[in-house]
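Chemist: one predicted model, sequence on top.
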Amino acid sequence: MKSSIPTEQSNRLEELKDTQEKLSTQWIDYWNDYSSIDTWQFWVNVGLIIIPLIILYFLIDRKKIFILGFFGLNIHVWSAYLDAIATRHNYLEYPYKAIPFIPINFGVDTALVPVSFILLYQWTLSKNKNFYLYSLVLIGFISFIFRPLTAAHHLLHLNKGANYFHIFIGYIIITLFSKGITNVFQYLHTKNK
């Protein structure tokens, strides 16, 4: 026997769904007016998706593709989650997007950052370098050079006291978590052999 949720809860849920639908429509309207394919910002965002993936296709070490891909997927997922939280709470906003109904910066979170970390991880593995040290360099570049550059061109806005140091700390957490998960899976894989 299926029980229904209380009326007050059902009413609030319906209100939230209506608000969400209206907001989604407003974002699509905003995108059509200010961020669609006839703007240079749209093409920059599309380039941030396509160019890194093309580079990755040609440069990825096919012998290590699964571990590199798994690590990159972790970077992507945790970056997207953290970015979604930050945008939902208005710490970050993206006035121009490639895809209007996704709150995150799709190009940065799905391609540019994960590909950068995949190639860094690949390089540290092949050259036997300290991944964590070089990750700090990449994180510093993304946080204190790339992100301010995007902000200068209004591809990113920081709000409510958010700053580049917060982005830096976020990427450190994402990187450590992603590398930790990758290490666990790598250990379980080699232990099984």
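Modeler: Perfect, I can see it now.
Chemist: name the element the closest residue to residue 92 other than its chain neighbours belongs to?
Modeler: What sits nearest to residue 92 in space, not counting adjacent residues and going by CB to CB, 6 or more residues apart in numbering, is residue 86, at 4.4 Å. Bear in mind the C-beta positions are built from the backbone N, C-alpha and C, glycine included. Using DSSP states H and E, residue 86 sits in helix 65-88.
Chemist: ok, and for that helix, which residues are buried?
Modeler: Neighbour counts over helix 65-88 (16 or more other CB atoms under 10 Å) mark 67-68, 70-72, 74-80, 82-83, 86-87 as buried.
Chemist: that older thread, so who does the residue nearest to residue 92 touch?
Modeler: 92, 162, 170 (CB atoms under 8 Å, 6 or more residues apart in numbering).
Chemist: quick one: the first one and residue 43, what's the gap?
Modeler: Translated: residue 92. 21 Å (CB to CB, to the nearest Å).
Chemist: with just CA atoms, put the helix or strand hosting residue 113 into CSV.
Modeler: If you go by DSSP H and E, residue 113 is part of helix 113-127. Taking Å, rounded to 0.1, in the frame of the first residue of the first chain, the C-alpha atoms of helix 113-127 are listed here in CSV:
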residue,chain,number,x,y,z
VAL,A,113,40.4,21.1,-16.2
PRO,A,114,40.1,17.3,-16.4
VAL,A,115,42.2,17.2,-19.6
SER,A,116,44.8,19.4,-18.0
PHE,A,117,45.0,17.1,-14.9
ILE,A,118,45.0,13.9,-17.1
LEU,A,119,48.0,15.2,-19.1
LEU,A,120,49.7,16.3,-15.9
TYR,A,121,49.2,12.9,-14.3
GLN,A,122,50.4,11.2,-17.4
TRP,A,123,53.5,13.4,-17.5
THR,A,124,54.3,12.8,-13.8
LEU,A,125,53.9,9.0,-14.3
SER,A,126,56.1,8.8,-17.3
LYS,A,127,58.8,11.1,-15.9
